[in-house]
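K.L.:
Predicted model and sequence follow; I will ask about them next.
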Amino acid sequence: MMEGFGSTGSTRSWRSASKCSTLSPARADELFFADGAHPDTVAHAKTYCSTCPVKTQCAAWGAAINAEFGVYGGVPSYARKSLVSLYRQAHPDEDTAALSEDERFTRFAEWIEKDPSVIGRAIHHASHSHNRAYWRRKRARMVSVQAGDIELNGIIRVADIEPVPGRCVQPALF
């Protein structure tokens, strides 16, 4: 469920203007909080949010409450950490952890409204980091498979791993 979306208060009044406010709770959960079984769901949610009049406030809210899952204002969960990191870089002397959710929301929303490009930068940075990690894991699996997953008591050393054509690595045996 989209906990918090039903709250009232001056910093949360923007929610009634959101495009998703007309969705049933089940449909909203399906669109914004998919279980990962459908990889294109994040893309659908981002597209849906792209025309929302309050996407900036929603993205700020997701960052302010440290939402671990879901898409808020077109910002998927994997990019929210980057968004918060960019905020902290821009405001190094500010301790956001000491602020209330409403105060964090106000600060994040004002910051994003001043420079909406931070959302795109956060998504790009997070995607780039995710891709680098993916390829590191994939290369590590290649080494493991090529080594046969056999413990060779020191015969294969990390220093003996040599690159071979095709961008995979192969341990050098001696």
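P.N.:
Yep, it's here.
K.L.:
Helix or strand: which one has the most centrally placed residue in the chain?
P.N.:
Nearest residue to the geometric centre of the chain (Cα atoms, centre = their mean): residue 78, 1.3 Å. For residue 78, the host element (DSSP states H and E) is helix 77-90.
K.L.:
Give me the next element, helix or strand, following that helix.
P.N.:
Counting by DSSP H and E, what follows helix 77-90 is helix 101-114.
K.L.:
What are the buried residues along that following helix?
P.N.:
101, 104-109, 111-112 (16 or more other Cβ atoms under 10 Å). C-beta coordinates here come from the backbone N, C-alpha and C atoms, glycine included.
K.L.:
and the angle from it to helix 77-90?
P.N.:
80 degrees (axes from the mean of the first three to the mean of the last three Cα atoms, to 10 degrees).
K.L.:
What is helix 101-114 packed up against?
P.N.:
When contacts are defined as 3 or more Cβ pairs under 8 Å, 6 or more residues apart in numbering; DSSP states H and E, helix 101-114 packs onto helix 55-64, helix 77-90, helix 117-146.
K.L.:
could the ones you listed go into a markdown table alongside mean pLDDT and distance to residue 29?
P.N.:
A markdown table is the format used below for the helices and strands packed on helix 101-114 (pLDDT from 0 to 100; distance: least, Cβ to Cβ, whole Å):
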| stretch | mean pLDDT | distance to residue 29 |
| --- | --- | --- |
| helix 55-64 | 94 | 15 |
| helix 77-90 | 92 | 14 |
| helix 117-146 | 74 | 22 |
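K.L.:
before we move on, back to that, name the surrounding residues that touch the helix holding residue 78.
P.N.:
The contact list for helix 77-90 (Cβ atoms under 8 Å, 6 or more residues apart in numbering) reads 59, 62-63, 66-72, 75, 94, 96, 107-108, 111, 118-119, 121-123, 125-127, 129-130.
K.L.:
one more time with 6 Å
P.N.:
62-63, 69, 111, 118, 122-123, 125-126 (Cβ atoms under 6 Å, 6 or more residues apart in numbering).
K.L.:
which of the residues you listed lies closest to residue 137?
P.N.:
Closest to residue 137 out of the contacts of helix 77-90 is residue 126 (16.5 Å), distances taken as Cβ to Cβ.
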